[in-house]
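Student: Pasting a predicted model and its sequence here:
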Amino acid sequence: MLKIGIVGGAQHWHTRSFSEILNGYDEDLARINRFPLYRRRLEGARVTHIWDPEVEQAELVAKTCLIDNVLQNMEEMIDRVDGVIISDDTTMQHQKRAFPFLKAGLPTFVDKPLSPSIEEAQLIVETARKHNAPFMSCSALRYAREVEEFLAEKETIGEILTGSSVCSGDLVFYGVHALEQLYVCVGGGVESVRNVGEEGRDIVIITMRDGRRFVLTVYKDIYYLFHMSLYGTRGWREVRVKDSDYFYSNMLRAFLKMVENGQPPFPPEETLEIIKTLVLGKNSAENRGAVFHLD
């Protein structure tokens, strides 16, 4: 049985979701406290330790999701667990907690987004490499059922020439979802970005090295959705991601496999390219639609 530690985010959706999927939960407590109430379960691992700066929130998650140990210091996990999840806590500062675990060589998942800073994102990846720590960071939409279904029939629409991906929220913090699902479907190789929108109403033109262009639209005030349209030489497809139970559990399954075999499920260069695209897209909006190149 793999022992997993969760660091931070105890009052937010992801920590509660991950804990439910790995441990199950007391349904009465979960309902009273408005937990996600996911039904999927993964075997072979449990969250055994949790830490959060808000101790009461950590204790609530522990009681609801049957976690045995609430720690006063997050570093206490290092010799007690097989892998750690650094959960998004909505501050975009959660990633700073990863360093002691990476330096200990512990398999580490850093929740989305890896960082709002390109330099910090690169430092995290370099730290993981230096200490031989298995590492992954991504949006759970990389593992969406609807994305998998599209990939299984991708060839039926021929060569993908263009498309768009849309979601609500902030460009870096939440736009990572829309970009990651697009990235998985069309591949990497971003050359440049240009944001023809504005903060809160971001419309990012992504130019690939092969000349293709895609549009990433992230609007703060639109209704919650994850939607893609992809257009090829023989057809087109619409992809609407809805099954969060599936994409969270599927992502956790990939993390647990990494904990077991020490092999990241995808290269960290993909994560870095996604972060660069988002951050430079934000910079473009701040510079009146200037074109920013990734290299």
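Tutor: It's in.
Student: Which parts of the stretch 151-295 of the chain are strands?
Tutor: Using DSSP state E, counting those that start in this stretch, the strands of the stretch 151-295 of the chain run over 160-168, 190-195, 201-208, 213-219, 226-232, 236-240, 291-293.
Student: among those strands, which is nearest residue 114?
Tutor: Proximity to residue 114 (C-beta to C-beta) singles out strand 190-195 among these, at 15.7 Å. For the C-beta atoms, the positions are set from N, CA and C on the backbone; glycine is no exception.
Student: Mean pLDDT added to the strands of the stretch 151-295 of the chain, as TSV?
Tutor: TSV is the format used below for these (pLDDT from 0 to 100):
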stretch	mean pLDDT
strand 160-168	98
strand 190-195	98
strand 201-208	98
strand 213-219	98
strand 226-232	98
strand 236-240	98
strand 291-293	97
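Student: Mean neighbour count and distance to residue 11 added to these, as a markdown table?
Tutor: Shown next, in a markdown table, are the strands of the stretch 151-295 of the chain (neighbours: other C-beta atoms under 10 Å; distance: least, C-beta to C-beta, whole Å):
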| stretch | mean neighbour count | distance to residue 11 |
| --- | --- | --- |
| strand 160-168 | 20 | 21 |
| strand 190-195 | 21 | 32 |
| strand 201-208 | 20 | 27 |
| strand 213-219 | 21 | 25 |
| strand 226-232 | 19 | 24 |
| strand 236-240 | 15 | 29 |
| strand 291-293 | 14 | 35 |
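Student: can you list these in JSON lines and add distance to residue 74?
Tutor: Shown next, in JSON lines, are the strands of the stretch 151-295 of the chain (distance: least, C-beta to C-beta, whole Å):
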{"stretch": "strand 160-168", "distance to residue 74": "30"}
{"stretch": "strand 190-195", "distance to residue 74": "34"}
{"stretch": "strand 201-208", "distance to residue 74": "33"}
{"stretch": "strand 213-219", "distance to residue 74": "31"}
{"stretch": "strand 226-232", "distance to residue 74": "31"}
{"stretch": "strand 236-240", "distance to residue 74": "37"}
{"stretch": "strand 291-293", "distance to residue 74": "35"}
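Student: Nearest to residue 179, out of the ones you listed?
Tutor: Minimum separation from residue 179 across the strands of the stretch 151-295 of the chain (C-beta to C-beta) falls at strand 213-219, 5.6 Å.
Student: Just list what the closest one packs against, helices and strands only.
Tutor: With contacts taken as 3 or more C-beta pairs under 8 Å, 6 or more residues apart in numbering; DSSP states H and E, strand 213-219 sits against strand 160-168, helix 175-186, strand 201-208.
Student: Quick check: which of the ones you listed is nearest to residue 245?
Tutor: Among these, if distance is taken as C-beta to C-beta, the winner is helix 175-186, at 15.8 Å.
Student: Report the inter-axis angle for the closest one versus strand 213-219.
Tutor: 160 degrees (axes from the mean of the first three to the mean of the last three C-alpha atoms, to 10 degrees).
Student: Send me helix 175-186 as CSV with only the CA atoms.
Tutor: Provided in CSV are the C-alpha atoms of helix 175-186 (Å, rounded to 0.1, in the frame of the first residue of the first chain):
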residue,chain,number,x,y,z
GLY,A,175,-6.4,29.0,-18.4
VAL,A,176,-3.9,26.2,-17.8
HIS,A,177,-6.9,23.8,-18.1
ALA,A,178,-7.9,25.0,-21.5
LEU,A,179,-4.4,25.1,-22.8
GLU,A,180,-3.4,21.7,-21.5
GLN,A,181,-6.3,19.9,-23.1
LEU,A,182,-5.5,21.7,-26.4
TYR,A,183,-1.8,20.8,-26.0
VAL,A,184,-2.5,17.1,-25.5
CYS,A,185,-4.6,17.0,-28.7
VAL,A,186,-2.5,19.1,-31.1
